[in-house]
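S.K.: Build me a model from this:
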Amino acid sequence: MVWMNRLRGMLLALSLLISTLHSISLANAASPTYSLPIISAGYNHTCAVTSSGSAKCWGNDGFRQVSNLPHELGWKTVSAGRTNTCGITTGNLVKCWGDNSVGQSLVPTNLGKVKQISVGGYHSCAVTEQSLARCWGENAWGESTIPSDLGLVSQISAGYGHTCALSISGQVRCWGLDESNQSRVPTDLGKSINVVAGVYSTCALSETRAVRCWGSTNYAVPELGAVIEVSLGSTFICVVTTTGVAKCLNFEVPSDIGQIEHISAGHGHVCAVTVLGAVRCWGENTAHQTESPVFVLAPAAPKNVVVEQDENGSVIVRFEHQYLESDGTLSWTIKNVANNQIVCVNDANNLECKVPNLKFGNSYTFSVQGMNESGKSAEVQSASYRYCPTEPSSFQVAADKAVVQIGTATTVRGQLRNLCGKPPGYYFVRTKEAGSAWTPWIKNKLSVNGGFATKSVFKSNTNLEFKTTLSNGQTLVQSLKLGVSIKTVLPLSFHWQATKNKQGFNQGGLVKVSFSGDSVYSGMCVILGTTAEAYNFALTYVGSESKFGYFNVRNGKGQGRIQMVWNGSSRISVSCTSSKFQDIFDYRLPIFRANF
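M.R.: Down below sits the predicted model:
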């Protein structure tokens, strides 16, 4: 047969685009969601779709299968055949260009929208949105005639002279050229998830990721292991394992290719896309089909986005990215997630951003996203960061009165300030009186707003300490020393003396009353901790208004004097008030009766 003589031994088995599952997911998407190129190796030309949806072809252009690419369209996927190319646009429509000698590039007008495309030797096939199989072009062996009982399919693969499809239930069906039993599906094949039609061979991928092949070439497929993608060349098979390793039987793989995402085998060359987005082609290069151009891909997402505070107190957003040639003109946008405000726009190699205008104690989350001429990377967010500059958190404490009156319950109030960590709900307090050791810490409960109040009876010159530990590990301690206060003690000794003047006592003359004593022992108006102070005192006697004088303390001893008109029957008492403090503690000394 003339077609057989013309094509035998020449053509690739270019299956569905890279892997069936991958191409289906792309075709169903409303817009391209992939970030790596979609690659398809034809007979001696190669095509790819970039992450931005633009397509590129290179290699043999004898039938304009490279140069007639409609660049003005957006693409989801492409499939390169022997001498023509077809692709699915972003609108899910099929476009074909290149050789149309047998109608392989003449898309049926009633085809409608499709989910998947595959170009073989001289025929092209697609799966419609209704999951129907459609083929057009060469039909010398019935390869373009869809079996009437085929039913709904999830995938189709156009080989050299035969076609295979995968039903929605996972059953493989093949038709067309069967010279080497390539269309004779093994009866024990079972359920599959992918099928690939080659030149004179066919391979299927099972649910367990095992490869099984039939036809002219008996590939030792068990040694391939578990795979995620299968592609057939003219006389060889290539796969991507579940660990991202490229393996080929009857075809060499470069040792430095590293991990890959996709692979596509042509007639005598193979192309792959690495996990870093690089396109690598190797093998026969008679038409420059392995000389792939530089693809500018949408950048990979940044890694390890963190927020840190440097030694100067500045807040820095830092992230990691390995720049690749495919990144093109790359820039980074850093945003405040809360208000979507851009805080930095950096070039490709500037991987940190100094964030201005942060408020003390507020929590922030920042996002980083890359952008180039092919699109955007995923937007990656930092963990929540609470802005805590060098100013520490602290207690602010004070007594209700600047000077606490001894013997009276006093409230010490406080507030946690400048917090960058959550209080645990309680605080501790301890006291130390003059000449004594610190008391044990006593646990008290914090109020809802982080404040507290401690009420107790304190002695003069008492030291207090308060502490709590925040959720960030910071321990806060605040000290307070209570001021001095008025105090009287019971007199142990006191000396009174009255001296009448010349007018005499009986005539109600002027009387000088003097008293003196040791302030410590006599209990006269004593200010603890003070060695020199003057205090008002009042002498009161029966039938007369009070008279005021002074009692002076010098080195713990005091004396005072007042002159007054005396009634011999009067009694005298003294009350002490401080001239310095508003708080009055009135203590009346024992009554003194003058005897003249």
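S.K.: Low-confidence bits of this protein, can you list those?
M.R.: For the chain, applying pLDDT under 70 flags the ranges 1-37, 218-220, 390-392, 400-409, 448-450, 459-460, 483-596.
S.K.: In it, what residue spans correspond to helices?
M.R.: With DSSP state H as the criterion, the chain has helices at 2-7, 20-28, 519-522.
S.K.: how about the strands in the stretch 301-450 of the chain?
M.R.: All strands of the stretch 301-450 of the chain, identified by DSSP state E, counting those that start in this stretch, fall at 303-309, 315-320, 331-336, 341-347, 352-355, 363-364, 366-372, 375-376, 380-381, 385-386, 394-399, 409-417, 426-432, 442-445.
S.K.: now those in CSV, with mean neighbour count and distance to N84?
M.R.: Backbone N, C-alpha and C define where each C-beta goes, glycine included. Compiled in CSV, the strands of the stretch 301-450 of the chain are given as follows (neighbours: other CB atoms under 10 Å; distance: least, CB to CB, whole Å):
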stretch, mean neighbour count, distance to N84
strand 303-309, 15, 41
strand 315-320, 18, 44
strand 331-336, 19, 39
strand 341-347, 14, 42
strand 352-355, 17, 49
strand 363-364, 15, 55
strand 366-372, 21, 31
strand 375-376, 16, 28
strand 380-381, 14, 41
strand 385-386, 18, 56
strand 394-399, 16, 77
strand 409-417, 17, 75
strand 426-432, 17, 79
strand 442-445, 10, 81
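S.K.: if we compare those, which one ends up closest to E465?
M.R.: Shortest distance between E465 and these, using CB to CB, is found for strand 426-432: 5.4 Å.
S.K.: any idea how far C57 is from the nearest residue to T329 once chain neighbours are set aside?
M.R.: In space, and not counting its chain neighbours, T329 is closest to N372: 5.5 Å by CB to CB, 6 or more residues apart in numbering. With distances taken as CB to CB, to the nearest Å, N372 is found 22 Å from C57.
S.K.: Could you do L205 as well?
M.R.: Using CB to CB, we find L205 at a distance of 27 Å from C57.
S.K.: Contacts only, for the residue nearest to G103 when sequence neighbours are not counted.
M.R.: Take G103 and drop its neighbours on the chain: the residue closest to it by CB to CB, 6+ apart is G137, 5.1 Å away. Contacts were defined as CB atoms under 8 Å, 6 or more residues apart in numbering; by that measure G137 touches V102, G103, Q104, S105, L106, Y122, H123, S124, S144.
S.K.: and the residue lying closest to the fifth one once chain neighbours are set aside, how many neighbours does it have?
M.R.: If I follow you right, that is L106. The spatial neighbour of L106 that comes closest, neighbours along the chain excluded (CB to CB, 6+ apart), is N100 at 5.7 Å. By the criterion of other CB atoms under 10 Å, N100 has 15 neighbours.
S.K.: didn't N100 look like it was pressed against T85?
M.R.: No: the pair N100 / T85 is not scored as a contact, 11.4 Å apart, by CB atoms under 8 Å.
S.K.: export stretch 322-332 as PDB, just CAs?
M.R.: The C-alpha coordinates for stretch 322-332 follow below in PDB (Å, rounded to 0.1, in the frame of the first residue of the first chain):
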ATOM      1  CA  GLN A 322      16.400  31.000  42.600                       C
ATOM      2  CA  TYR A 323      16.500  33.200  39.500                       C
ATOM      3  CA  LEU A 324      16.300  31.300  36.200                       C
ATOM      4  CA  GLU A 325      16.800  32.400  32.700                       C
ATOM      5  CA  SER A 326      13.100  31.700  32.100                       C
ATOM      6  CA  ASP A 327      12.200  34.300  34.700                       C
ATOM      7  CA  GLY A 328      12.800  37.100  32.200                       C
ATOM      8  CA  THR A 329      12.300  40.600  33.600                       C
ATOM      9  CA  LEU A 330      11.100  39.700  37.000                       C
ATOM     10  CA  SER A 331       9.900  42.000  39.800                       C
ATOM     11  CA  TRP A 332       8.500  41.400  43.300                       C
END
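S.K.: Okay, buried residues for it please.
M.R.: By neighbour count on 16 or more other CB atoms under 10 Å, the buried set for stretch 322-332 is L324, S326, D327, G328, L330, W332.
S.K.: ok, of these, which one's closest to V94?
M.R.: Here the nearest of the buried residues of stretch 322-332 to V94, counting by CB to CB, is S326; it sits at 27.7 Å.
S.K.: what separates the closest residue to that closest one other than its chain neighbours from Q322, distance-wise?
M.R.: The shortest distance from S326 to any residue that is not its chain neighbour, by CB to CB, 6+ apart, is 4.5 Å, and that residue is L297. L297 sits at a distance of 13 Å from Q322 (criterion: CB to CB).
S.K.: try Q65
M.R.: Q65 sits at a distance of 35 Å from Q322 (criterion: CB to CB).
S.K.: what does K335 give?
M.R.: In this structure, K335 and Q322 are 22 Å apart, going by CB to CB.
S.K.: so R173 bridges to which residues?
M.R.: A165 (DSSP bridges).
S.K.: need the contact list for it.
M.R.: P147, L150, C164, A165, L166, S167, V185.
S.K.: Please indicate which of the residues you listed are buried?
M.R.: With neighbours counted by 16+ other CB under 10 Å, those contain buried members at C164, A165, L166, S167, V185.
S.K.: which residues touch the second one?
M.R.: With CB under 8 Å, 6+ apart as the criterion, the residues that contact A165 are V127, A133, L150, V153, Q155, I156, S157, V172, R173, C174, V195.
S.K.: Just the buried residues from the residues you listed, in ChimeraX please.
M.R.: Here is the ChimeraX command that selects only those of these that count as buried (16+ other CB under 10 Å):
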select :127,133,153,155,156,157,172,173,174,195
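S.K.: domain assignment for the chain?
M.R.: With domains defined by automatic domain parsing, the chain comprises 2-178+260-283, 303-386, 394-483, 488-593.
S.K.: ends of stretch 363-379, how far apart?
M.R.: Start to finish, the residues bounding stretch 363-379 are 19 Å apart (CA to CA, to the nearest Å).
S.K.: now that stretch: how far from the chain's centre is it?
M.R.: When C-alpha coordinates are averaged (CA atoms, centre = their mean, to the nearest Å), stretch 363-379 and its chain have centres 13 Å apart.
S.K.: ok, S144 to G161 distance?
M.R.: Counting by CB to CB - S144 and G161 are separated by 10 Å.
S.K.: Between those two, tell me which one has more neighbours.
M.R.: For S144 versus G161, the count of surrounding residues by other CB under 10 Å is larger for G161: 30 against 24.
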